[in-house]
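Enquirer: I'd like to go over a predicted model; first the sequence, then the structure.
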Amino acid sequence: MKKLPIFRLFYENLETIKLALPVFIELILGVSIGYINQFMFAGIPQATNAVGQVNQVTNIFIVSFSVLSTSSLILISQLRGNNNLDGIKKIYPLTLFLNLIISLIVCFILLIISLFIFNLMGVDAQIIPLAKLYLYISAPSLIFFSLNQAYSSFLRANKKMVEPTIISFLTNIVNIIISAIVLWGIPNLNIEEKVIGVGFATLISRFISYIASYLFFRLSIKEKISLKELKPFPWLYLKKQLKIGLPTAGETLSYNLSQFVLVIIVNLSCNVLDQNLRTYIMTFTSIIYLFANGSGIAMQVIEGNLLGENNKEKASKLVIDTGKMARIVSFIMSIIVLSISFPVFSSLMASAVDDPLINVNNVDYYYCGITAVYCLLINVVLEQGRATNLVYVKGLETAGDITFPVTSSILTSWILTVGVSALLCLVFDLGIYGSFIGACLDECVRGISFYIRWKKGTWKKFNLLRGLKENS
């Protein structure tokens, strides 16, 4: 029986799907640790807002950990395709050592800027003390998070996709158990003590995830990481990693900064009720694009092997097929979330609607539900652009075509996400609708431009491994 084109597409790319599914699950579990805290605080709207504001700040800096983690995945996969095992042995300790240094610096910066950042963001005065408490406790966990990211990239580059998923699951289970004990198991705790407890839950769970990732690497890869590989210091490998990692991290940093500014715009143009509603909507929509992100990561490993073998035609077809699959899955998931949005968001916002300190306009459940529906209608289009964007940007970066996607992303993030959203929210008073329209334009324009760039084939002239073989 002849397969329908859509089924044939997925069947022909089973290797990508097999690698992508565990990554997809891992990404869901990975991002949920911060969101779980918010949902567990659902009955305490001030704490929900505080944790959400801290997540916005830390997300800006988390991108710095991906400078070497992302580039190590790309280089290891290409070096393995090129059979350069000596080069791989240098990348492992180099990535871990520098990620540790970067995470220590980030932790210090977060503690310093906590003195003024929440005022700058326009966070409500009642929320700021709670946000600071959560940040002080959870910030050191980023050290373990950065090391875990490095080990995850090593595992993925070796096609070990299940192990990071198990680690994420373990992390979330520990976090949920500790948070539940703090919130519901210990009587008579005030709101500040509960926020501190949940902060420690994040810290402990991320420490355990680091230990687990180290053990999985030793057991599954069976390669010893030695600092001796850094003598003499592998400057050429560092240069290659920074050539890939810095621009891509710069692009992600620019995106996160634009999202940070967008939060400020929303905070200035909306009350706390609408801010909380947007936080919940963003939480749900973040799950939608994770398949596209996961399939893009899986694709990078296969693409890297193909490029290491100099098989560019297969690499081209791989990226195009992955983009199609990502759009199909994103569309289906967008429709599912849209279909359940009214009852879900009406229920989630119930405590906020009943709180006179949060619901200053005295709106009802219907307002929250219908607002979510309209935002998620816009999001259906947004996710098509984002799925295309996520896959093709990874395809271009893995091939070494880095400058174009970085420049395009920076321009569209600030012109469309920030510029258009500020115009619609602050001038035309469209509230959170304006923020979704601006973000939708950004993702779609970027997705289209990256697709055109890939089809033109400019990426075929780049070679990330040039100069490494003879200098291993």
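Expert: That came through, no problem.
Enquirer: could you pull out the helices for the stretch 1-150 of the chain?
Expert: 5-12, 14-40, 45-62, 66-81, 85-113, 117-120, 128-138, 141-157 (DSSP state H, counting those that start in this stretch).
Enquirer: which of those helices comes out lowest on mean pLDDT?
Expert: Comparing mean pLDDT across the helices of the stretch 1-150 of the chain, the lowest value falls on helix 14-40: a mean of 75.
Enquirer: sorry, back to before: any chance of the helices of the stretch 1-150 of the chain in a markdown table, with mean neighbour count and distance to Asp274 too?
Expert: For every residue, glycine as well, the C-beta is placed using N, CA and C. As requested, the helices of the stretch 1-150 of the chain are exported to a markdown table (neighbours: other CB atoms under 10 Å; distance: least, CB to CB, whole Å):
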| stretch | mean neighbour count | distance to Asp274 |
| --- | --- | --- |
| helix 5-12 | 12 | 38 |
| helix 14-40 | 20 | 16 |
| helix 45-62 | 23 | 11 |
| helix 66-81 | 25 | 31 |
| helix 85-113 | 18 | 26 |
| helix 117-120 | 16 | 18 |
| helix 128-138 | 21 | 18 |
| helix 141-157 | 25 | 29 |
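Enquirer: which among the ones you listed is found nearest to Arg206?
Expert: helix 141-157 (4.0 Å; CB to CB).
Enquirer: neighbouring contacts of the following helix or strand past that closest one?
Expert: Toward the C-terminal end, the helix or strand that comes next after helix 141-157 (DSSP states H and E) is helix 162-180. Contact with helix 162-180 is made by 22-23, 25-27, 29-30, 32-33, 36-37, 40, 148, 152, 155-156, 197-198, 200-202, 204-206, 208-209, 212-213, 216, 220, as judged by CB atoms under 8 Å, 6 or more residues apart in numbering.
Enquirer: if we can go back for a sec, out of the helices of the stretch 1-150 of the chain, nearest to Leu238?
Expert: helix 85-113 (6.2 Å).
Enquirer: pLDDT score assigned to Ser435?
Expert: 94.
Enquirer: contact partners for the closest residue to it other than its chain neighbours?
Expert: Distance criterion CB to CB, 6 or more residues apart in numbering; nearest residue to Ser435, sequence neighbours excluded, is Ser421 at 4.8 Å. Ser421 makes contact with 262, 265, 434-435, 437-439, according to CB under 8 Å, 6+ apart.
Enquirer: out of those residues, who has the most neighbours?
Expert: Neighbour counts for the contacts of Ser421, by other CB atoms under 10 Å, peak at Ser435, which reaches 29 neighbours.
Enquirer: quick one: residues contacting that residue.
Expert: 262, 265-266, 278, 421, 424-425.
Enquirer: again, only using 7 Å
Expert: Residues near Ser435 by CB atoms under 7 Å, 6 or more residues apart in numbering: 262, 265-266, 421, 425.
Enquirer: just those residues now: which is nearest Gln300?
Expert: Nearest member of the contacts of Ser435 to Gln300, counting by CB to CB, is Leu262, at 27.7 Å.
Enquirer: does that closest one touch Leu416 like I think?
Expert: No. Contact criterion CB atoms under 7 Å: Leu262 and Leu416 do not qualify, at 10.7 Å.
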